[in-house]
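**Q** need coordinates for the below:
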Amino acid sequence: MTLATPAEAALGLALATLLTELDAPAARRRAHRRQIYCYIERHLGDARLSPQSIAAAHHISLRQLYKLFAEEQQPVAEWIRTRRLQHCRRDLADPTLADRPVAAIAARWGFASATHFNRLFKHAYGMPPGQYRLMHAQHTAARHLLQLLV
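**A** Below you'll find the predicted structure:
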């Protein structure tokens, strides 16, 4: 393996800079998506959060929003639903929130309907949220018991 000469290194740097400049629109799209992801995370608990409200908050059309997310693995509405479910799952497993009703946790993360939340949760994780909470509590209790015995 040979090291690049200073001239080759400078040429490589100039080429990388030029390619970055040529792809400025892609960089702007990525930055705009990051901005929107941050906005979504801050507003997940708002049941009114939707692609329409996100587009309006960022002064772009709904079509532009969908186009912006076309390169992503999930459409924007699906990503919102996935993030909300992940937060609910985390809260259901949190022993400090054991006294909070499942419907309250769902509402906290923007699910307006407990029935709809239960259906989505079961589809995503293979069991209803109450059963998930119970299973996680049992696993946590068993781990604590094992630690006491050791």
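**Q** CA only for contacts and neighbour counts going forward, please
**A** OK.
**Q** could you report the neighbour count for residue 80?
**A** Residue 80: 21 surrounding residues under other C-alpha atoms under 10 Å.
**Q** sticking with the residue nearest to the spatial centre of the chain, tell me its helix or strand.
**A** Central residue of the chain (C-alpha atoms, centre = their mean): residue 83, 4.0 Å from the mean position. Per DSSP states H and E: residue 83 is located in helix 76-93.
**Q** mind checking pLDDT for residue 6?
**A** Listed pLDDT for residue 6 reads 68.
**Q** how about the contacts made by residue 102?
**A** 92, 129, 130 (C-alpha atoms under 8 Å, 6 or more residues apart in numbering).
**Q** how does it look with 6 Å?
**A** Residues near residue 102 by C-alpha atoms under 6 Å, 6 or more residues apart in numbering: none.
**Q** before we move on, what about residue 111?
**A** By C-alpha under 6 Å, 6+ apart, the contact set of residue 111 is residue 47.
**Q** what's the distance between it and residue 74?
**A** Using C-alpha to C-alpha, to the nearest Å, residue 111 is found at 19 Å from residue 74.
**Q** residue 135 too?
**A** In terms of C-alpha to C-alpha, residue 135 sits 29 Å off from residue 74.
**Q** can you check residue 90 too?
**A** 21 Å.
**Q** do a quick rundown of the helices in the protein.
**A** Secondary structure of the chain (DSSP state H): helices at 6-22, 24-43, 51-57, 62-68, 76-93, 102-108, 114-125, 129-149.
**Q** quick check: buried residues in the fourth one?
**A** Neighbour counts over helix 62-68 (16 or more other C-alpha atoms under 10 Å) mark 65, 66, 68 as buried.
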